[in-house]
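Asks: got a predicted model here, sequence first, then my questions.
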Amino acid sequence: MIIPATAMAAGNPTSSQSQSVVSDPASLVDPMVGTGSGGAVVGQVDTYPGASLPFGMIQWSPDTTSRPDGGGYSYTDSAITGFSLTHFSGPGCAIAGDFPILPLTGAIPADPSSASATFSHSSETAHPGSYSVTAGGIRTQLAVTARTGVASFTYPATSQAQLLIKSADSADGSSSATFNTVGSTEITGAVTSGHFCGQPDSYTIYFAARFSQAFTASGNWGATGSSVSGGWLTFDTKHNPTVGMQVAVSYVSTAGALGNLAAEAHTWSVGKVAAQATAAWNRQLGTIGISGGTRTQQQTFYTALYHASLEPSLFNDANGAYPGFDDKVALRPTGAQPVRRLLRLGYLPVRSTAALDDRSKHRLRHGHVPRQRRRARWCAAQVAGRERLYRRDERRLVGSDPR
């Protein structure tokens, strides 16, 4: 039985039915669903297992070596290339995957952009809003707020605990990227990427991060003019093996990312942030209550609702600023709904032509925007179809493995 939250609040259905309504829907969600292949016809389902809030701005999740479009993670892979800050669930083309972050030990690799760390699924856990894994002998734990993430990297005792930030390695490449250190505990950077499915649209995203202990050395690689391929940090973990990281993103500016960090990153505790994320997911998933059925059927329902609640993603900063369609910074009015956009899909969800510039009006009159909308709708339909096929007959379709 499906029960809208409004009906439960009003006292319907009967008390005997209400008592059987799922009380902790987040515990039924399996973020690993959709990280494999649906077979020769469906192909990669392209979801991701990492940490995100409902419609959140940040989706901190591992990318594996084959890096499927959007999700960046394939269950059949055995190595992680980085934990990117942004992902898109189930698209048909490469997009997002901005700022992969990879902890390593030993000397900086000769080619940091291609570095990876092996892992086993036995060390991996994924829950709504949090994710953890041991890769390359380093335990990584992630949790998120709406615009920020907190990480705990537990290294062996060493003077060469490395952290690579692959600034230019967005899923669809990049046209420019930066990496900067601020003192010995903070870093910032930016990347310009986009062009989803060959579209002309691009975006620039900025990050700012701080660490629980000072790094002892830093540098970058692949510098070309003012752009770099990435940066690296070295920590000494002989006395304290755990390096905490707080990070925020913004589509407006570095100052916007710093503002989001100040507004939402208030603890180094991954567990505390994960608990808050679980509560947020229970509120979102609890808007639809269900009773009856098997546990597998309940898991199927809430995992599908979870995936449906990942996008569209939050777009405005904590102070309300966001980049408008005219590429100028706009401000969300006080009390207005948060600004959410399928920005990375590269289409324009036009409701009125009044605020469009001449180029956009021309594109609308000549059918360009509708074509982009049709492309986006087609992608969304493919994702929905894949989800149905994937869970058909209450089976998952990657051999005998439940992914």
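Replies: Happy to help now that I have it.
Asks: G230: how many residues sit nearby?
Replies: By the criterion of other Cβ atoms under 10 Å, G230 has 27 neighbours. For glycine as for every other residue, the C-beta is placed from the backbone atoms N, C-alpha and C.
Asks: okay, and the beta partners of it?
Replies: For G230, the beta-bridge partners are W221 (DSSP bridges).
Asks: please apply the same query to E186.
Replies: V182, R210.
Asks: try the one 5 residues further on
Replies: The residues listed as beta-bridge partners of V191 by DSSP bridges are A177, I205.
Asks: right, and it touches D172 too?
Replies: No: judged on Cβ atoms under 8 Å, V191 makes no contact with D172 at a distance of 10.8 Å.
Asks: these two: which is more packed in?
Replies: With neighbours defined as other Cβ under 10 Å, V191 and D172 compare such that V191 has more, 27 against 20.
Asks: pull up the gap between that one and G222, please.
Replies: Distance of V191 to G222, computed by Cβ to Cβ, to the nearest Å: 13 Å.
Asks: overlap in contacts, those two.
Replies: The contact sets of V191 and G222 overlap at A168 (Cβ atoms under 8 Å, 6 or more residues apart in numbering).
Asks: tell me the SS of A151?
Replies: strand (DSSP: H, G, I helix; E, B strand; the rest coil).
Asks: skipping adjacent residues, who's closest to it in space?
Replies: In this structure, A151 finds its nearest non-sequential neighbour in M245, 4.3 Å apart by Cβ to Cβ, 6 or more residues apart in numbering.
Asks: helix or strand: which one has that neighbour?
Replies: For M245, the element it lies in under DSSP states H and E is strand 242-250.
Asks: could you pull out the helices for this structure?
Replies: Residue ranges of the helices in the chain, as given by DSSP state H, are 5-9, 15-18, 254-264, 270-285, 295-308, 358-365, 368-390.
Asks: which neighbouring elements make contact with the fourth one?
Replies: Pointing back at helix 270-285 there. Contacting helix 270-285 under the criterion 3 or more Cβ pairs under 8 Å, 6 or more residues apart in numbering; DSSP states H and E are the following elements: strand 130-135, strand 138-144, strand 148-154, helix 295-308.
Asks: change it to 10 Å
Replies: strand 51-52, strand 125-127, strand 130-135, strand 138-144, strand 148-154, strand 242-250, helix 295-308 (3 or more Cβ pairs under 10 Å, 6 or more residues apart in numbering; DSSP states H and E).
Asks: just give me how far the shortest one sits from the chain centre.
Replies: In terms of Cα atoms, centre = their mean, to the nearest Å, the gap separating the centre of strand 51-52 from the centre of its chain is 6 Å.
Asks: what comes into contact with it?
Replies: Strand 51-52 is touched from outside by 31, 58-61, 83, 86-87, 89, 126-132, 141-146, 149-151, 270, 273-274, 277, 281, 306, 309-311, 313, with contacts defined as Cβ atoms under 10 Å, 6 or more residues apart in numbering.
Asks: I'd like to know how far the residue lying closest to S37 once chain neighbours are set aside sits from S202.
Replies: Spatial nearest neighbour of S37, excluding adjacent residues (Cβ to Cβ, 6+ apart): Q44 at 5.5 Å. Distance of Q44 to S202, computed by Cβ to Cβ: 24 Å.
Asks: coming back round to it: can the helices and strands packed on helix 270-285 go into TSV with extra columns for mean neighbour count?
Replies: Converted to TSV, these look like this (neighbours: other Cβ atoms under 10 Å):
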stretch	mean neighbour count
strand 51-52	30
strand 125-127	18
strand 130-135	23
strand 138-144	25
strand 148-154	25
strand 242-250	24
helix 295-308	18
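Asks: now the ones you listed as JSON lines including distance to N260 and mean pLDDT?
Replies: Shown next, in JSON lines, are those (distance: least, Cβ to Cβ, whole Å; pLDDT from 0 to 100):
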{"stretch": "strand 51-52", "distance to N260": "15", "mean pLDDT": "98"}
{"stretch": "strand 125-127", "distance to N260": "23", "mean pLDDT": "98"}
{"stretch": "strand 130-135", "distance to N260": "19", "mean pLDDT": "98"}
{"stretch": "strand 138-144", "distance to N260": "12", "mean pLDDT": "98"}
{"stretch": "strand 148-154", "distance to N260": "6", "mean pLDDT": "98"}
{"stretch": "strand 242-250", "distance to N260": "4", "mean pLDDT": "98"}
{"stretch": "helix 295-308", "distance to N260": "24", "mean pLDDT": "95"}
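Asks: any stretches of the stretch 201-350 of the chain with poor pLDDT?
Replies: 341-350 (pLDDT under 70).
Asks: and with 50 instead?
Replies: 343-350 (pLDDT under 50).
Asks: quick check: beta-bridge partners of the most centrally placed residue in the chain?
Replies: Nearest to the mean C-alpha position of the chain, by Cα atoms, centre = their mean, lies Q59 at 1.6 Å. Assessed by DSSP bridges, Q59 has beta-bridge partners S52.
Asks: do I have it right that it meets I95?
Replies: No: the pair Q59 / I95 is not scored as a contact, 11.7 Å apart, by Cβ atoms under 10 Å.
Asks: what do those two both touch?
Replies: G72, T86, H87, F88.
Asks: out of those, which are inside strands?
Replies: Judged by DSSP state E, the shared contacts of Q59 and I95 include no members of strands.
Asks: tell me the one of these nearest P100?
Replies: G72 (8.6 Å; Cβ to Cβ).
Asks: per-residue confidence for that closest one?
Replies: What the model reports as pLDDT for G72 is 92.
Asks: check contacts around the nearest residue to it once chain neighbours are set aside.
Replies: Closest residue in space to G72, ignoring its immediate chain neighbours: D63 at 3.8 Å, by Cβ to Cβ, 6+ apart. Neighbour list for D63: 48, 50, 71-74, 77, 80-84, 87, 97, 100, 102, 116, 166, 169, 171 [criterion: Cβ under 10 Å, 6+ apart].
Asks: how much space separates D63 from F83?
Replies: Taking Cβ to Cβ, one finds D63 at 7 Å from F83.
Asks: any residues in contact with both of the two?
Replies: Common contacts of D63 and F83 (Cβ under 10 Å, 6+ apart): G50, G72, P100, L102.
Asks: for the first one, phi and psi?
Replies: It stands for G50. Torsion angles at G50 (phi, psi; degrees, to the nearest 10) stand at phi -80, psi -170.
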